[in-house]
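Chemist: show me how the following folds:
(chains A and B)
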Amino acid sequence: MNSKVSDRRAFLKGSAALAGLAVGAIPFAKGEALANVTPGESTVKLGVTKLGVTPDEPTIQDLLYGGRSSYETSVRIATSGALADWGLRTLTPLQDSIGIITPASLHFTVHDEFNLNNIDPRTHTLTIHGMVDRPLIFTMEELKRLPSVSRVHFLECTGNSGMGHYRNMLQDRAKGRTDVTVIQTVHGRTSTSEWTGVPLSLLLKGVGVQKGASWIVAEGDDNVHHAKSIPLAKAMDDMIVAYGQNGEALRREQGYPLRLVVPGFQGVCNVKFVKSIKVVDKPYYMQREISAYTNLKPDGKASWYESQVGPKSLITFPSDAHKLPGRGFYEISGIAWAGRGAISRVEVSTDDGRTWKDASLQQPVFRKAWTRFRLGWNWDGAETVIMSRCTDEYGDIQPTYMELAKMWGLDEKSYDERMPAIPATEMAQWLTTVGAVLNNQIQPWRVSQDGSVQDALFSTLLHDKI
Amino acid sequence: MRCSALYCMTKSNFLLSVMALLACGTAMAQLPTYNVGRTPTEAELRAVDDLVGSDGKELPPGSGTAKEGAPIYAAQCAVCHGQNGEGVNRYPRLVGGVGSLNTPHPIKTVGSNMPYATTIWDFINRAMPPFPMERNLSPDNVYALTAFILSKNGIIKETNVMNKNSLVEVQMPNRHGFYPDPPHSTLEKDGFWTPRWEQTKPAAK
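Modeler: The predicted model follows:
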């Protein structure tokens, strides 16, 4: 069978030719000539020698690894404000999220440097040492031989959904930045992936944890030398030494080739590029767990080592990145997650919190993972406020902003005693700027008559003060 | 990797055989059941065992004073942290802020916030000055820089010598500024890491 195909699209449609691609018969890069492709016994000669020249043509990369339609433009964006100067900080476009899995390409990154290691997996090792009977060093190849698990878990940055991000967003807007929205800029430090790796408990049992040990401290092989103390009980419970994310190897910005996944715990615990786990008898008071990731209260004392993310939900459609074209049916859709376990209930209000309806939960519901919720809604075209609140399997309920403030010690009493001159709005601002508070407050969205959607929380707390 | 002691002992060079024995002995350890992994060499272990906890047992020998630290600070740190630790632009302030933590404008610095001086030593030693210059300071230099920052905060005197023992004994002003104290980690028993939501959750509606 000999055929000469002059039309590239015809070539691409030819399954025999694609089979040739699949076995790697033509190892060339974008723009290089396609010639003498030999799928099986046939030889395909191409009249046109370049791929990916016009937007409608797939590139070789599209075929070998895969790309998306040129009509799809959803991307991570850089974080707003001064934090953008600190390193690689990009935000997941929650407004475009579908289902519960975040594509690795859109997973948020909070990386306190601009230099991203490109670690050779053939030289990377993990050493487990400290209060153990036999310290051991493992290569990546060895770790991949061990029994593995794949589990769906969210990650969330400690500072996600904070007032400070909203203020930075307003400042960016004032400077003319147009890509920032509350749904992505304030809330986009969370993502969910299927993570694959070795249960840390398997490794810890193997090295023989000694009596008296109660914590581990993990260190990454990045250039900021991030180190984090984590309770040993958590390590023995459900932590994963992960090399896989959503069916492939970890991305570089997610800690390739090896990271910790600490289900339900704040993002800072999930040490990337992990190279060392030391078993110890106390937390190690590392710089990041003392300076930024403690929660200062009005009395000047700070709580520390509070790692678990509270129950949280968020309507992702419609949100302030969207505009409804007119009255009629819309499926309200969002995500809910809890650091302690599974989401058991999500309620949605479409009348500013007066009444609530149960949303349907996407099955199966994974513990410590995003749960997609959905509720059909007939919008009558009138202005209203919509919001969601979730309950986890232990009955813990997502708080309102003011309930959250009270939980952090900002009740009227401490407010009067400590900060008599500070109005309530600034008190709320204080709450989210002084500490690395995990903000799991209810997020209301105002839907206006013209179909536009705006934040109805931060704007009411901060007014127009920047 | 297995190697018989007998084989080693037949070697004429006694030192070599002792070394081989040691190597055999340490290389024996692997992950039980799966037989993967190996005992790290001393050099490998030293390379990763660089975190310093609050009891300072990992601190290396060496010493330094604030006076010795001053020129090192001026040359390598002041560009970001300021001549006197006041911070430049967005780079962290290291000095002052004591008494501000219970006000609407708290200032977290080494002096006002850090509960243990070992944290300063650890962070300078592993991560300062930042990439690509980090991990180039000698232990003496790190002791001296730590002493300099402590001295600028008025926590120690300019002449106090910081070393493996004295550093651990430094009383930081905010030593008791955190709770729970000390952090504990058992799970369901005292509910440290599951917790605050349980204790303070809002009433069901």
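Chemist: nearest spatial neighbour of the residue of chain B found nearest chain A, chain-adjacent residues omitted?
Modeler: As assessed by Cβ to the nearest Cβ, chain A sits closest to residue B:102 within chain B, at 2.9 Å. C-beta: built from backbone N, CA, C; applies to glycine. Spatial nearest neighbour of residue B:102, chain neighbours left out: residue A:300 (2.9 Å); criterion: Cβ to Cβ, 6 or more residues apart in numbering or on different chains.
Chemist: any idea how far residue B:170 is from that neighbour?
Modeler: 21 Å (Cβ to Cβ, to the nearest Å).
Chemist: need the residues of the stretch 101-250 of chain A near chain B, please.
Modeler: Within the stretch 101-250 of chain A, the positions adjacent to chain B are A:113, A:115, A:125, A:127, A:129-130, A:134-138, A:142-143, A:145-147, A:203, A:206-207, A:214-215, A:217, A:219, A:223-225, A:227, A:231-234, A:237 by Cβ under 8 Å from any Cβ of the partner chain.
Chemist: just the buried subset of those residues, written out for PyMOL, thanks.
Modeler: Buried residues among those (16 or more other Cβ atoms under 10 Å in any protein chain shown), as a PyMOL selection:
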select buried, chain A and resi 125+127+129+130+134+135+136+137+138+142+143+146+203+206+207+214+215+217+219+223+224+225+227+231+232+233+234+237
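Chemist: how about the spatially most central residue of chain A, phi and psi?
Modeler: By Cα atoms, centre = their mean, chain A has its centre lying nearest to residue A:191, at 2.4 Å. Main-chain dihedrals, residue A:191, degrees, to the nearest 10: phi -160, psi 160.
Chemist: show me what contacts it?
Modeler: A:92, A:102, A:106, A:107, A:108, A:154, A:155 (Cβ atoms under 8 Å, 6 or more residues apart in numbering or on different chains).
Chemist: put together CSV for those residues, with pLDDT, secondary structure and neighbour count on each row.
Modeler: Converted to CSV, those look like this (pLDDT from 0 to 100; DSSP: H, G, I helix; E, B strand; the rest coil; neighbours: other Cβ atoms under 10 Å in any protein chain shown):
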residue, pLDDT, secondary structure, neighbour count
A:92, 98, coil, 26
A:102, 98, coil, 24
A:106, 97, helix, 18
A:107, 98, coil, 22
A:108, 97, coil, 25
A:154, 98, strand, 25
A:155, 98, strand, 29
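Chemist: of all these, which comes closest to chain B?
Modeler: Taking Cβ to the nearest Cβ as the measure, chain B lies nearest residue A:154 of these, at 16.0 Å.
Chemist: from residue A:369, how far off is the closest one?
Modeler: Distance from residue A:154 to residue A:369, by Cβ to Cβ: 5 Å.
Chemist: who touches both of those two?
Modeler: A:192, A:337.
Chemist: so the nearest residue to residue A:287 once chain neighbours are set aside, which state does it fall into?
Modeler: Distances taken as Cβ to Cβ, 6+ apart place residue B:123 nearest to residue A:287, at 4.0 Å, with adjacent residues excluded. Three-state assignment for residue B:123 (DSSP: H, G, I helix; E, B strand; the rest coil): helix.
Chemist: these two touch, right, residue B:123 and residue A:289?
Modeler: No: Residue B:123 lies out of contact with residue A:289 (Cβ atoms under 8 Å); the separation is 11.1 Å.
Chemist: and the residue of the stretch 201-350 of chain A found nearest chain B, how many neighbours?
Modeler: Minimum separation of the stretch 201-350 of chain A from chain B (Cβ to the nearest Cβ) falls at residue A:300, amounting to 2.9 Å. Other residues near residue A:300 come to 16 when the count uses other Cβ atoms under 10 Å in any protein chain shown.
Chemist: before we move on, what about residue A:358?
Modeler: So residue A:358, with other Cβ under 10 Å, has 11 neighbours.
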